[in-house]
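# just to be clear, the model below is a prediction. Sequence and coordinates:
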Amino acid sequence: TLSATTLDNWLDSLQNNIPGKVIVIYDGCQSGSFLPFLIPPSGKNRILITSSGENQPAYFLSEGDICFSRYFWKQALNGADVWEAFIQAKQAISFSCKEQTPTIDDNGNGIGNEKEDGHLAKGYTIGVGIMLAGDAPLIGSISPEQTLSGESSATIWVDGVTTTSSIERVWAVITPPGFTPNDPSNPVTDLPSFDLTPKGNSRYEGTYNGFSASGTYEIEVYAQDEEGNISLPKETKVTQTVGGDSYEGDNNLTQAKVIVINYETPQYRNFHVAGDQDWVKFYGLSGKIYQIEVKDVESRCDPVLDLFNGQGQSVLSAPVDDYSAGEGEKLSWQCEGDGIYYLKVYNFDSGVFGDLTGYDLSVSFPVGADTGIITGKITNATSGQGIADAIIISDAEDSAISFSGGHYLMVAQIGQYTLSVSKAGIYLLLSLEF
């Protein structure tokens, strides 16, 4: 493993012995965390480019064809300067790789994407700056957004697909509803995709049969020519109004899914069958006040909230049901004792389900502005298998529960922490800084 400080020592030694600029391009998970450690020596120029923020995963979709470095190096090979290659690659991945923000720092302060960044990268080319390949393909138009009412397939088409050479492949990448990477330290490689076939007159079509979960699917279509150039994507959406959300089954306390406290992206849920219940769990710390919120409620959703302890007993005097259908609910609750708590959300009228019963769910408590994500994986030291439902607590009173594969996410203010990890009475202490 190459640490940021070791890399910085190598670069400092190099730049103290040679003239000119040094460019560092790092495409990997949480690569933005290297920026503060790679500040150049006084009087030296260094261009730092990372494909992701300090707490973000890197995407390598379609066997690596859709990733930051693929777009960046194609632009550089085609004669673009470093700044233009960075901007084009950043824009290209912003469609399918929405949890990934490339950064550039060339003013030497270790902070990326400032207004002052880019002055060294503009006009600076890698190599001789000669264009070696043709322009990337273009996609003229794409099928309009579609709404499904139970059927799981839909046809996607693009028209006006052109290139200066020949089109080799046209394909779509699908982001399912509610998709959020569980572990920023693991690359995202497995979003669903399907090919579109030529139909003549620069038109391509393809049918996908996996629109089964309720919610909105974001679809990005790409075209690649025989020289390896990949187009910017065209985007459309397919919304499924029938069927369960991506967290099913979660219809009782024992099936409750983990919800990350203070996570910026809420969980999208819906009531897809009569009597449907949605259950989530989090680890509460005594004395903390938690805000449980249901918002962006659809018109046929009238959510009711109830909260239970580990013994299955409600900790509320009565379920929370302050508003009508189409309106959200909010519960402010002070935890009375450390432990796992289970939140139950159900529709007031259990006979109302299906279309327009969706909502967003979040659990939070007040934190400062400068937060980040602590992430890791809890494993069995003997077998290497991930451990689900392990409890992770920081000495700053943040908490998390590990997911089914052993990964965990904890939102915390930037600083140095000691973590305690427990499962079935076994404890472990970890110390880290971020």
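Looks like it arrived, so ask away.
# those strands in the stretch 251-400 of the chain, which residues are they?
257-258, 267-269, 277-284, 289-295, 303-308, 329-334, 339-347, 359-364, 371-377, 391-394, 399-401 (DSSP state E, counting those that start in this stretch).
# dump those into CSV; add distance to residue 28, mean neighbour count and mean pLDDT as well.
Placement of C-beta: from N, CA and C, glycine included. Formatted as CSV, those follow (distance: least, Cβ to Cβ, whole Å; neighbours: other Cβ atoms under 10 Å; pLDDT from 0 to 100):
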stretch, distance to residue 28, mean neighbour count, mean pLDDT
strand 257-258, 26, 20, 94
strand 267-269, 28, 23, 91
strand 277-284, 30, 21, 96
strand 289-295, 34, 18, 97
strand 303-308, 40, 20, 97
strand 329-334, 39, 15, 96
strand 339-347, 34, 20, 96
strand 359-364, 29, 20, 95
strand 371-377, 14, 19, 83
strand 391-394, 24, 20, 93
strand 399-401, 24, 23, 95
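# do you know which of these lies nearest residue 321?
strand 303-308 (4.5 Å; Cβ to Cβ).
# do you know which of the strands of the stretch 251-400 of the chain lies nearest residue 74?
Residue 74 sits nearest to strand 371-377 of all these, at 30.8 Å, using Cβ to Cβ.
# please compute how far the closest one lies from its chain's middle.
In terms of Cα atoms, centre = their mean, to the nearest Å, the centre of strand 371-377 is found 13 Å from the chain centre.
# and that strand, what does it pack against?
In terms of contacts (3 or more Cβ pairs under 8 Å, 6 or more residues apart in numbering; DSSP states H and E), strand 371-377 is packed against strand 407-413.
# contact partners for the closest residue in space to residue 392 that isn't next to it in sequence?
Closest residue in space to residue 392, ignoring its immediate chain neighbours: residue 400 at 4.5 Å, by Cβ to Cβ, 6 or more residues apart in numbering. Residues near residue 400 by Cβ atoms under 8 Å, 6 or more residues apart in numbering: 260-261, 283, 374, 391-392, 408-410.
# ok, the helix or strand where residue 174 lies: who's next to it in the sheet?
Secondary structure assignment for residue 174, by DSSP states H and E: strand 167-175. The strands beside strand 167-175 in its sheet (DSSP bridges) come out as strand 193-200 (antiparallel), strand 215-225 (antiparallel).
# please identify the most buried of these.
strand 215-225 (a mean of 23; mean count of other Cβ atoms under 10 Å).
# centre of the chain to it, how far?
Offset of strand 215-225 from its chain centre (Cα atoms, centre = their mean): 17 Å.
# and residue 120, how far from residue 338?
Note on residue 120: its distance to residue 338, by Cβ to Cβ, to the nearest Å, is 51 Å.
# if you count surrounding residues, which of these two has more?
residue 120 (19 against 14; other Cβ atoms under 10 Å).
# isn't that one right up against residue 47?
Yes: contact criterion Cβ atoms under 8 Å: residue 120 and residue 47 qualify, at 5.4 Å.
# overlap in contacts, the two.
Joint contacts of residue 120 and residue 47 (Cβ under 8 Å, 6+ apart) are 21, 82, 106.
# so what pLDDT did the last one get?
The score at residue 106 is 95. That number is its pLDDT.
# repeat for residue 433
What the model reports for residue 433 is a pLDDT of 43.
# ok, residue 216 next?
With respect to pLDDT, residue 216 scores 88.
# hmm, it is touching residue 241, no?
No: with contact defined as Cβ under 8 Å, residue 216 and residue 241 do not form a contacting pair (10.0 Å).
# what's the spacing between the residue nearest to residue 392 and residue 56?
To residue 56, residue 400 is 18 Å away according to Cβ to Cβ.
# next one: residue 356
For residue 356, the distance to residue 56 equals 33 Å [Cβ to Cβ].
# neighbour count: those two, which is higher?
More crowded of residue 356 and residue 56, by other Cβ under 10 Å: residue 56, with 25 against 14.
# what sits against the more buried one?
Neighbour list for residue 56: 29-30, 32, 99-101, 184 [criterion: Cβ under 8 Å, 6+ apart].
# can you rerun that using 7 Å?
30, 99-101, 184 (Cβ atoms under 7 Å, 6 or more residues apart in numbering).
# what about residue 383, how many residues nearby?
8.
# pipe the strands paired with strand 167-175 into CSV and attach distance to residue 352 per row.
Output for the strands paired with strand 167-175, formatted as CSV (distance: least, Cβ to Cβ, whole Å):
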stretch, distance to residue 352
strand 193-200, 34
strand 215-225, 18
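# just list the residues touching the residue nearest in space to the middle of the chain, thanks.
Nearest to the geometric centre of the chain sits residue 99, at 3.7 Å (Cα atoms, centre = their mean). For residue 99, the contact set (Cβ under 7 Å, 6+ apart) comprises 56-57, 181.
# pick the one among the residues you listed closest to residue 112.
Distance ranking of the contacts of residue 99 against residue 112, using Cβ to Cβ, places residue 56 first at 11.9 Å.
# mind checking pLDDT for that closest one?
For residue 56, the predicted pLDDT is 89.
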